[in-house]
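*Asks:* Sequence plus predicted model, see below.
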Amino acid sequence: MSRIVVAHLCAVAAVAAGAFPAAAAEPVRFSRDVLPILSENCFACHGPDEGHREADLRLDTREGAIAVMRLDAPAESELIARIVSTDPDVQMPPPSAHKKPLTEEQVDLLTRWIGDGAQWGVHWAFEPPVKPAVPAGESHPLRAPPTQGGQLGRPGTRA
Ligand code: HEC
């Protein structure tokens with residue numbers, strides 16, 4: 001076999017083995033990458049609505065989802081196994097739900113996310129701002145009446 005052919009075969013094998021995953025450098029983000037997949041494909045039956053929850057499995061909380069994930073061996077997670085299965089009795093979402101099977105890219109995202117420790121939560125930029133607690137009452141010197149040592153009196157009155 002010529003050297004060129006051998007080199008070519010090596011390159012093909014390396015690609016087939018996933019040596020060059022397309023977006024390996026880009027970290028998976030829960031709110032942008034993972035949550036939309038789960039909510040679109042899984043929450044109807046494994047979400048917050050108890051009345052429609054199947055198999056007593058919640059995938060809308062980390063506590064629930066962790067039960068079907070293996071952080072040390074992401075690809076062996078029950079969550080992934082169910083998604084990639086082609087057995088209609090096992091496959092998730094079930095074919096009867098008339099949802100499309102997940103794409104390879106989605107499976108890859110979920111697998112990498114589990115391997116990264118299945119971080120749950122949203123980026124701070126998407127969190128609603130929280131108002132810090134301000135101490136209430138008349139303890140502030142500007143609010144205290146002059147007789148109690150307030151310097152400027154009540155707001156709107158002259159000292
Ligand atoms: C239309 C409803 C429906 C949807 C949508 C759905 N599931 Fe399920 N799921 C079920 C039912 C019903 C079972 C229990 C029967 C079984 O084990 O196959 C189940 C079981 C499972 C189990 C096994 C739980 C266990 O304790 O063994 C996993 C894991 C799972 N689903 C993952 C998913 C994931 C991930 C998605 C989204 C990609 C999904 N499911 C979407 C109905 C659904």
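*Replies:* It's in. Everything quoted here is computed from the prediction, not taken from an experiment. Numbering: from 1, shown residues only.

*Asks:* buried sites along stretch 90-105?
*Replies:* Buried residues in stretch 90-105, counted by 16 or more other CB atoms under 10 Å: 91-93, 101-102. In short, each C-beta sits where N, CA and C put it, glycine included.

*Asks:* hmm, that stretch touching the ligand?
*Replies:* Yes: Stretch 90-105 reaches the ligand (CB under 6 Å from any ligand atom) through 92-94, 97.

*Asks:* any idea how far residue 119 lies from residue 99?
*Replies:* Going from residue 119 to residue 99 by CB to CB, to the nearest Å gives 25 Å.

*Asks:* Quick one: mean pLDDT over stretch 52-72.
*Replies:* Across stretch 52-72, pLDDT averages out at 97.

*Asks:* ok, that stretch near the ligand or not?
*Replies:* Yes: contact of stretch 52-72 with the ligand (CB under 6 Å from any ligand atom) involves 54-55, 57, 59, 68.

*Asks:* Identify the residues contacting that stretch?
*Replies:* Identification of contacts with stretch 52-72 by CB atoms under 8 Å, 6 or more residues apart in numbering yields 38-39, 42-48, 76-79, 82, 114-115, 117-118, 120.

*Asks:* So which of these are in helices?
*Replies:* When DSSP state H is applied, the contacts of stretch 52-72 are split such that 38-39, 43-46, 78-79, 82, 114-115 fall in helices.

*Asks:* among the residues you listed, who's most crowded?
*Replies:* Using other CB atoms under 10 Å as the neighbour test, the ones in helices among the contacts of stretch 52-72 are led by residue 114, with 26 neighbours.
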